[in-house]
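K.L.:
Quick one: sequence and predicted model below, then my questions.
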Amino acid sequence: MSTLTEPRVETPVSRPDIEKAGREARRTKFLHWVAVHSLAIAAALFFVLPFVFVFLTALMSDQQALTRNLWPDSWHWENLRTVWETPGFLTWWKNTLMYAVLGTSLTLVSSLPVAYALARFKFRGRNFAMMLVISTMMLPPQVVIVPMYLFWAKELHLSGTLWPLIIPMAFTDAFSIFLLRQFLLTIPKEYVEAAKIDGCGDFKTLIRVVLPMAKPAIAAVALFQFFYCWNDYFGPQIYASENPAAWTLSYGLESFKGAHHTNWNLTMAATVLVMAPVIILFFFAQKAFIEGVTLTGVKG
Amino acid sequence: MATVSLGLRQKRRKERLRNLAFLSPWLIGVGVFFLYPLASTVYFSFMKYDGFTPPVWTGLKNWAYVFNDYPMFWPALRNTLWLVIVMVALRVLFGLGIGLLITKVKTGAGVFRTLFYLPYLAPPVAATMAFAFLLNPGTGPVNSILGKLGLPQPGWFNDPAWSKPALTLLAIWGIGDLMVIFMASLLDVPKELYEASELDGAGAWKRFVHVTLPTIQPIVLFAVVTGVIQTMQYYTQPLIAGKVASGVIGGSGQQFEPGYPDKSTLTLPQLVYNLGFQRFDTGGASVVALVLFVLAMIFTAFLMRRGSGFLATDD
């Protein structure tokens, strides 16, 4: 990070001080490179090794998983199959997928018009509405869980299912509204006005003009919501715990640990199978993801 | 003139209907899933109600119980304070450090970024389970490596003094979100500022303090405040860590009193669950929920006041 430039080739060698300075600069640059990259490798080890140890343990034999060994003596790939074929595991998978897919779709459909209205329409109380969105976004779900549970369980008799978690998403999600609105603000007004001059109504403008331009934000919101549903533990614990047929992976994983109390290898194999889908999804959608995270903070 | 004002009024009415149509899913959602249950929580905080017999008015009894006699309330609040001071601070520090590091990496930056980001995505239950294994005092890889190096081997999730540091380690592992936010803001720092300060002969540290920090200061504040709010919501990781470490886990028949070991992993959201769904004390659960609500709203108000970008409009 020095401003010294390398000596040009045609410079006479009779100026040793410049060459020396150039050599020194190169050396500093090289040392800097080494320092930065060793730090980065050390950090990478911290982030990656937990995955590695979990994976290695998942493939150990029952006996070896109870020892302090770090490397499997023999590779038991069948552990993954044993977990997969555990009664219930496939049901948890299906339930989680249903929760995530339905929840994400409903959230997108309901939140986009609201985000658009909050970004573009002028009306009294718009600022207040925005404050309400941010407040609900920051609200721990436990604050309203007692009356909500009574509502779903006693009034609508829907406990033991995932519907109390899915249905509210048809009535928007605060974080998704917030993220979409932040992005919609960046779309130049001229596009919307041009559409209006062409005779498009507000709804048509939203679908035909704004929606295609908001694709990156929509992708980010969809991913966040999908992950939220996939990872949710508290919701299924409250509403689905009484009925194993409605359990999700996150909730089922915990009970799996209970049933295989001493088998760290099987528990880690289950952990691998729960982590794998989100990590694979990430590799396919990395860009949308990073853009989404940036969107949450950059405007702060 | 009359026709103009009539037309205007009609236009206004049409606009109002349009706004209502666009906002209706949210208006219903806020009413049914926020305002109604919030009012109901306030109501229940003054009631004795076990979910089976009709609620009875008890005045401030629930409040007195939670603050004076419920043995988990103050430990949970103290833990929250610990987590805010240590965990949030370390997460911001490491997030900034890792973000800074990644902007300096010349070779393989994409690979490093992906590796650093990945743990953030691990489902909390799975990640906590993984750390409960990694850090288990008996056979865990971390202690076996520490043992080989001749270093002390803490009890981690089984030791009240080490359970919060262990949770902090887990939280730092999943730092990907902060890293990305810091990275984006670091890349936004104008290059001219660096060049100017370099001409003034400022070293790397001085450049960081006088150029980088002032520019990214709003993002640091954002990270701190959202970190505090996340701490108010901290539920799954401490609960699962306690369950796995204590060995009491699984089947719906078993009851796990959260906070293992020795109340050291209690957080406020866990109290709502403990009171409302394990002790069937709706009133007490509502009191804790309202305390949680007030705390979360204080920090949210702070965020909205300072981070004006949150409420920015297009005009």
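P.N.:
Arrived safely, thanks for sending. None of these values were measured; they are calculated from a predicted model. Residues are numbered from 1 along each chain as shown, chains lettered A, B, ... in the order given.
K.L.:
where along the stretch 151-300 of chain B do the helices fall?
P.N.:
Under the criterion DSSP state H, counting those that start in this stretch, helices of the stretch 151-300 of chain B are mapped to B:163-173, B:176-187, B:191-199, B:204-207, B:213-232, B:236-246, B:268-273, B:282-306.
K.L.:
For these, give me a markdown table that also has mean pLDDT.
P.N.:
A markdown table is the format used below for those (pLDDT from 0 to 100):
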| stretch | mean pLDDT |
| --- | --- |
| helix B:163-173 | 97 |
| helix B:176-187 | 88 |
| helix B:191-199 | 82 |
| helix B:204-207 | 84 |
| helix B:213-232 | 89 |
| helix B:236-246 | 93 |
| helix B:268-273 | 96 |
| helix B:282-306 | 91 |
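K.L.:
want to throw those helices into a markdown table with distance to B:Val125?
P.N.:
In short, each C-beta sits where N, CA and C put it, glycine included. As requested, those are exported to a markdown table (distance: least, C-beta to C-beta, whole Å):
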| stretch | distance to B:Val125 |
| --- | --- |
| helix B:163-173 | 12 |
| helix B:176-187 | 18 |
| helix B:191-199 | 43 |
| helix B:204-207 | 41 |
| helix B:213-232 | 17 |
| helix B:236-246 | 6 |
| helix B:268-273 | 15 |
| helix B:282-306 | 22 |
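K.L.:
Distance to chain A added to those helices, as JSON lines?
P.N.:
Shown next, in JSON lines, are the helices of the stretch 151-300 of chain B (distance: least, C-beta to the nearest C-beta, whole Å):
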{"stretch": "helix B:163-173", "distance to chain A": "6"}
{"stretch": "helix B:176-187", "distance to chain A": "3"}
{"stretch": "helix B:191-199", "distance to chain A": "6"}
{"stretch": "helix B:204-207", "distance to chain A": "7"}
{"stretch": "helix B:213-232", "distance to chain A": "3"}
{"stretch": "helix B:236-246", "distance to chain A": "4"}
{"stretch": "helix B:268-273", "distance to chain A": "4"}
{"stretch": "helix B:282-306", "distance to chain A": "4"}
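K.L.:
Compare these and give me the one nearest B:Phe46.
P.N.:
helix B:282-306 (7.4 Å; C-beta to C-beta).
K.L.:
The closest one: which residues count as buried?
P.N.:
Going by neighbour count (16 or more other C-beta atoms under 10 Å in any protein chain shown), the buried part of helix B:282-306 is B:282-293, B:295-297, B:299-300, B:303-304.
K.L.:
and if you look at stretch A:108-124?
P.N.:
Within stretch A:108-124, the residues that qualify as buried are A:108, A:110-120, counting by 16+ other C-beta under 10 Å.
K.L.:
and what of stretch B:197-214?
P.N.:
So for stretch B:197-214, counting by 16+ other C-beta under 10 Å, buried means B:197-198, B:202, B:207, B:211-212.
K.L.:
Just the terminal-to-terminal distance for it.
P.N.:
13 Å (C-alpha to C-alpha, to the nearest Å).
K.L.:
Does stretch B:90-105 reach chain A?
P.N.:
Yes: shown here: stretch B:90-105 in contact with chain A (C-beta under 8 Å from any C-beta of the partner chain) through B:98, B:101-102, B:104-105.
K.L.:
Format the residues you listed as CSV; extra columns: secondary structure and pLDDT.
P.N.:
Shown next, in CSV, are the residues of stretch B:90-105 next to chain A (DSSP: H, G, I helix; E, B strand; the rest coil; pLDDT from 0 to 100):
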residue, secondary structure, pLDDT
B:Ile98, helix, 94
B:Leu101, helix, 93
B:Ile102, helix, 91
B:Lys104, helix, 89
B:Val105, coil, 89
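K.L.:
neighbour-wise, which of these leads?
P.N.:
When neighbours are taken as other C-beta atoms under 10 Å in any protein chain shown, the top entry among those is B:Ile98 (27 neighbours).
K.L.:
mind listing what the closest residue in space to it that isn't next to it in sequence touches?
P.N.:
Distance criterion C-beta to C-beta, 6 or more residues apart in numbering or on different chains; nearest residue to B:Ile98, sequence neighbours excluded, is B:Met179 at 4.7 Å. With contact taken as C-beta atoms under 8 Å, 6 or more residues apart in numbering or on different chains, B:Met179 is in contact with B:95, B:98-99, B:102, B:113, B:116-117.
K.L.:
now do 6 Å
P.N.:
B:95, B:98-99, B:116 (C-beta atoms under 6 Å, 6 or more residues apart in numbering or on different chains).
K.L.:
Let me know the closest of these to chain A.
P.N.:
Proximity of the contacts of B:Met179 to chain A (C-beta to the nearest C-beta) peaks at B:Phe116, which lies at 5.4 Å.
K.L.:
Isn't that closest one up against A:Phe47?
P.N.:
Yes: counting by C-beta atoms under 6 Å, B:Phe116 touches A:Phe47, with 5.4 Å between them.
K.L.:
Once you drop chain neighbours, what's closest to residue 240?
P.N.:
Let's take chain A. Spatial nearest neighbour of A:Ala240, chain neighbours left out: A:Ala246 (4.0 Å); criterion: C-beta to C-beta, 6+ apart.
K.L.:
was after chain B, sorry
P.N.:
Once flanking residues are discounted, B:Ile240 sits nearest to B:Thr128: 4.2 Å by C-beta to C-beta, 6+ apart.
K.L.:
Thanks a lot, catch you later.
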